[in-house]
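Participant: For reference, the sequence and a predicted model appear below.
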Amino acid sequence: MGLAFLLEIGVEEVPDWMIKPALENMRNLLTAILGENNLASGEAMSVDATPRRLVIRAEGLLEAQPDETKAISGPPVSSGKGAAQGFAKKMGVAVEDLQTTQTAKGEYYSYKKFIAGRKTIDVLADALPGLITGIYFPKAMYWTGKAGPRFIRPIRWIVCLLGDSVVPFELAGVRSGNVTRGHRLLGSAEIPVTIADYETKLRSNGVILSASERQQRIEKGLAALVSSGNAVQRDEALVETLAYLTEMPTPIRGTFDRAYLKLPQEILTTVMRHHQRYFSVLDSAGGLAPEFIAVMNTDADPEGLVRMGNERVLRARFNDARFFWEFDLRRPLQDRVNDLTNVTFQAKLGSYFEKTERVVALAEEIAQAAGAKVDTCRRAALLSKCDLTTEMVKEFTELQGIVGGLYAREAGEPIEIWRAIYEHYKPVSMEDAIPSTLEGQVVALADKVDTLRGCFLVGLMPTGSRDPFALRRAAQGVVKILAEGKVRVSLPAMVGGNEQLKEFLIDRTRYYFKDVCGYAYDEVNAVLASEPEDLRDIERRLEAIRMVRPTPDFEPVAASFKRIRNILRQAQFDGVGPVNPAVLDEGPEKDLYDEFLRLRDIVQAHRGAQAYTAALEAIASIRPKIDLFFDKVLVNAPDERVRQNRLSLLGSLLSEFSTIADFSEIITQ
């Protein structure tokens with residue numbers, strides 16, 4: 001069975017978005033400690049958290065480390081009696097207790113030392129302070145002075161139990177024990193616990209330990225509170241956020257004045273969602289209903305004080321939004337263009353006015369290549385950043401772009417223009433949709449490409465986990481728009497001649513087709529190795545490989561191409577020379593050459609028509625000729641002229657038939 005283990009780190013409130021990564025890191029750290037010290041028996045480990053506690057539990061720990069006998073090598077026997085005495089003294093034994101061991105380097109003194117296993121409680125007492133301070137957080141703080149430990153928030157209590165015993169240690173003046181704390185309002189400040197009753201006692205003191213159970217409680221409350229005919233606007237991310245902001249989540253329903261519904265729905269939902277963490281409610285027609293659902297961190301609101309407080313705060317926020325809306329509409333976006341000179345984009349890249357000039361030029365260039373309306377793209381690009389000067393965006397930054405589109409609509413701009421402005425930040429993630437119109441896609445591409453080009457030009461590329469300008473997201477947005485929008489613009493056209501940026505976009509392309517679209521990694525590598533420039537074309541090639549790969553000849557011919565590449569590399573044959581038919585031997589060699597010429601014309605015709613499935617099937621059909629060639633023909637012939645001609649033949653095969661995909665990248669069984 002083994003012993004059960006519990007560690008609870010009690011802290012001031014941890015930011016909700018940091019909790020899940022911290023728990024996973026905590027699990028990895030404990031797994032490493034148990035593994036390194038031979039304490040685990042392979043039993044289950046679980047992690048839980050609330051805003052005020054990080055918890056890890058494990059089952060089946062050994063009571064002590066296994067004893068072991070460790071063979072320790074000493075000096076060579078040839079080094080003399082003095083060296084042997086020194087080694088024996090170090091081991092704490094007499095010279096007569098040493099053994100000699102024959103090794104490849106000669107005979108050496110050795111000693112088999114018995115090492116008694118330490119008690120698990122002692123090992124954990126030494127290791128756990130390091131585990132706690134080793135948990136990674138993007139930001140951490142000192143609370144006992146700069147010489148003290150760092151943690152995300154001050155540690156207020158520590159529960160650490162192994163079986164029925166407390167694992168004794170101290171961290172920053174806090175001693176481990178068996179006393180936890182309940183909910184700030186609903187529970188006791190001192191609760192003695194055992195591993196068996198830990199979760200039960202927390203629950204009786206107002207704490208639901210399981211985040212999934214807290215989420216279920218929120219979901220159930222949402223469903224029960226909406227008025228008849230209405231529905232809560234789905235928001236799984238907000239449910240998870242609120243689960244990690246509360247220990248006893250309880251949804252409550254509030255209302256607001258219908259007069260606020262005159263404001264655009266996007267503004268109202270942003271205020272509720274991003275600033276107050278309220279759920280919006282939709283009526284039967286899909287519009288906003290004058291109600292919301294908040295989640296409080298207590299079990300009841302019998303007098304409605306929490307509800308009234310939330311309604312009062314939301315009313316104030318809506319009044320601010322209404323004021324900003326009416327105030328901003330006094331100046332159309334066109335009149336704000338020059339104001340962008342006062343808004344810095346990046347110190348080395350100038351103001352947003354300068355960025356806008358670059359985006360306009362890029363939008364015109366991309367629009368011409370993509371067949372979009374150039375005038376529409378130019379106008380939308382010109383106005384796209386003007387909302388950064390508005391009071392609304394200064395207060396509600398989440399609305400940038402969206403509110404610009406709304407202001408453009410109010411100013412009478414055509415739908416193609418205001419919609420392009422409204423959507424030009426999309427997609428904000430791989431799950432988000434791309435802009436809905438070609439003109440919107442062009443403006444979004446121009447904006448993202450300008451950011452990428454500029455940042456790479458001045459050396460602001462992402463490094464490791466640091467990406468302050470969200471360049472990975474911008475690059476993923478470029479790839480997603482090009483691929484899903486079927487935009488007729490090549491990837492090299494996006495990079496402005498910057499090779500580092502080109503590689504960066506290719507890496508994002510690889511991620512998109514492999515991790516988002518689900519194509520096999522070797523298939524993606526094979527297609528990208530042929531350096532196609534059009535993402536629509538890449539997808540067609542990948543789909544063709546997926547179709548042809550199950551056929552009998554595909555993987556064998558891929559293995560043959562890998563063999564060809566290795567032969568050429570070993571021969572240091574780095575160029576494709578002309579094949580001299582007169583030097584070819586009759587039989588398998590000449591047959592392979594003739595088949596190559598026949599299939600080359602077929603493949604080129606299919607490739608030109610982008611009929612890649614047929615082209616790949618044609619390439620795969622050469623397998624019998626290649627097999628026979630390798631079986632009957634000596635590539636590395638003694639005659640230099642014959643050898644070079646055969647290498648040229650293989651090089652021609654590899655070069656010509658790798659223009660759709662590099663078969664040598666395919667992993668074969």
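Facilitator: All right, it came through fine. Everything numeric in this text was worked out from a predicted model, so none of it was measured.
Participant: okay, Gln669: pLDDT?
Facilitator: Per-residue confidence (pLDDT) for Gln669: 68.
Participant: Kindly report the same for Leu186.
Facilitator: According to the prediction, Leu186 has pLDDT 94.
Participant: which residue packs closest to it, ignoring adjacent ones?
Facilitator: Gly206 (2.8 Å; C-beta to C-beta, 6 or more residues apart in numbering). Glycine gets a C-beta too; all of them are placed from N, C-alpha and C.
Participant: The one you found and Pro154, how far apart?
Facilitator: 21 Å (C-beta to C-beta, to the nearest Å).
Participant: more crowded one of these two?
Facilitator: It is Gly206, of Gly206 and Pro154, that has more neighbours when counted by other C-beta atoms under 10 Å, with 18 against 14.
Participant: Run through the residues that contact that one.
Facilitator: 182-183, 185-187, 247-248, 298-299 (C-beta atoms under 8 Å, 6 or more residues apart in numbering).
Participant: likewise Thr270?
Facilitator: Contacts for Thr270 (C-beta under 8 Å, 6+ apart) come out as 396, 398-399, 402.
Participant: out of these, which are buried?
Facilitator: Buried by 16 or more other C-beta atoms under 10 Å: 396, 399, 402, out of the contacts of Thr270.
Participant: Among the contacts of Gly206, which are located in strands?
Facilitator: Among these, no member falls in strands (DSSP state E).
Participant: Go through these and give me the one with the most neighbours.
Facilitator: Among those, Glu247 has the most neighbours (other C-beta under 10 Å), with 26 neighbours.
Participant: That one reaches Ala211, doesn't it?
Facilitator: No - Glu247 is beyond contact range of Ala211, at 10.4 Å (criterion: C-beta atoms under 8 Å).
Participant: Identify the contacts common to the two.
Facilitator: Common neighbours of Glu247 and Ala211 (C-beta under 8 Å, 6+ apart) are Thr50.
Participant: Please, which helix or strand holds Arg315?
Facilitator: For Arg315, the host element (DSSP states H and E) is helix 305-328.
Participant: any idea whether Arg546 is helix, strand or coil?
Facilitator: Counting by DSSP: H, G, I helix; E, B strand; the rest coil, the backbone at Arg546 sits in helix.
Participant: Number of residues surrounding it?
Facilitator: Arg546, neighbours per other C-beta under 10 Å, totals 14.
Participant: Return the residues in contact with it.
Facilitator: 519-520, 523.
Participant: For it, give its distance to Ser490.
Facilitator: Separation of Arg546 from Ser490 (C-beta to C-beta) stands at 23 Å.
Participant: Backbone dihedrals for Ile191, please?
Facilitator: Dihedral angles of Ile191 (phi, psi; degrees, to the nearest 10) stand at phi -130, psi 100.
Participant: Tell me what it is bridged to.
Facilitator: Beta-bridge pairing for Ile191 (DSSP bridges): Thr180.
Participant: close enough to count as contact, it and His183?
Facilitator: No - counting by C-beta under 8 Å, Ile191 does not reach His183; the two are 10.6 Å apart.
Participant: Quick check: neighbours shared by those two?
Facilitator: Shared contacts of Ile191 and His183 (C-beta under 8 Å, 6+ apart): Asn205.
Participant: got a list of what Arg153 touches?
Facilitator: Applying C-beta under 8 Å, 6+ apart, we find Arg153 in contact with 11-14, 141.
Participant: Narrow those to those in helices?
Facilitator: Applying DSSP state H to the contacts of Arg153, no entry is found in helices.
Participant: If any of those residues are buried, give me the PyMOL selection for them.
Facilitator: Under the burial definition 16+ other C-beta under 10 Å, those of the contacts of Arg153 that qualify are selected in PyMOL by:
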select buried, resi 11+14
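Participant: Lowest-confidence one in the contacts of Arg153?
Facilitator: Ranked by pLDDT, the contacts of Arg153 bottom out at Met141 (84).
Participant: who touches stretch 581-596?
Facilitator: 579, 622, 625-626, 628-629, 631-633, 641-642, 645-646, 649, 652-653, 656.
Participant: where along the stretch 151-300 of the chain do the helices fall?
Facilitator: Along the stretch 151-300 of the chain, the stretches classed as helices by DSSP state H, counting those that start in this stretch are 198-204, 211-225, 236-243, 265-270.
Participant: List the buried residues for the third one?
Facilitator: So the one you mean is helix 236-243. Buried residues in helix 236-243, counted by 16+ other C-beta under 10 Å: 238-240, 242-243.
Participant: repeat for the shortest one
Facilitator: Taking 16+ other C-beta under 10 Å as the basis for neighbour counts, the residues of helix 265-270 that come out buried are 267-270.
Participant: can you list the residues you listed in a markdown table and add pLDDT and distance to Lys486?
Facilitator: Below are the buried residues of helix 265-270 laid out as a markdown table (pLDDT from 0 to 100; distance: C-beta to C-beta, whole Å):
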| residue | pLDDT | distance to Lys486 |
| --- | --- | --- |
| Ile267 | 96 | 33 |
| Leu268 | 96 | 35 |
| Thr269 | 95 | 31 |
| Thr270 | 94 | 31 |
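Participant: Switch those residues over to a markdown table; also include distance to Gln441.
Facilitator: Shown next, in a markdown table, are the buried residues of helix 265-270 (distance: C-beta to C-beta, whole Å):
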| residue | distance to Gln441 |
| --- | --- |
| Ile267 | 25 |
| Leu268 | 28 |
| Thr269 | 25 |
| Thr270 | 24 |
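Participant: Closest one of the residues you listed to Ile158?
Facilitator: The closest of these to Ile158 turns out to be Thr270 (C-beta to C-beta; 40.3 Å).
Participant: Relative to Ile132, how far out is the closest one?
Facilitator: For Thr270, the distance to Ile132 (C-beta to C-beta) stands at 38 Å.
Participant: So which of the contacts of Arg546 are in helices?
Facilitator: The helices, defined by DSSP H, take in Glu523 from the contacts of Arg546.
Participant: Of the contacts of Arg546, which is the nearest to Gly82?
Facilitator: Of the contacts of Arg546, the one sitting nearest to Gly82 (C-beta to C-beta) turns out to be Ala520, at 64.4 Å.
Participant: what's that closest one in contact with, if anything?
Facilitator: So Ala520 contacts 514, 546 (C-beta under 8 Å, 6+ apart).
Participant: go again using 10 Å as the cut-off
Facilitator: Contacts for Ala520 (C-beta atoms under 10 Å, 6 or more residues apart in numbering) come out as 513-514, 526, 542, 545-546, 549, 666-667.
Participant: With distance to Phe114 and secondary structure added, can I get those in a markdown table?
Facilitator: Below are the contacts of Ala520 laid out as a markdown table (distance: C-beta to C-beta, whole Å; DSSP: H, G, I helix; E, B strand; the rest coil):
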| residue | distance to Phe114 | secondary structure |
| --- | --- | --- |
| Phe513 | 58 | helix |
| Lys514 | 52 | helix |
| Ala526 | 57 | helix |
| Leu542 | 61 | helix |
| Ile545 | 60 | helix |
| Arg546 | 60 | helix |
| Arg549 | 58 | coil |
| Ile666 | 55 | coil |
| Ile667 | 49 | coil |
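Participant: How is the protein divided into domains?
Facilitator: 3-64+119-204, 71-115, 211-328, 350-385+415-518, 544-665 (automatic domain parsing).
Participant: for the ones you listed, which one ends up most surrounded?
Facilitator: Comparing the domains of the chain by mean neighbour count (mean count of other C-beta atoms under 10 Å), domain 350-385+415-518 ranks first with a mean of 20.
Participant: All set now, cheers.
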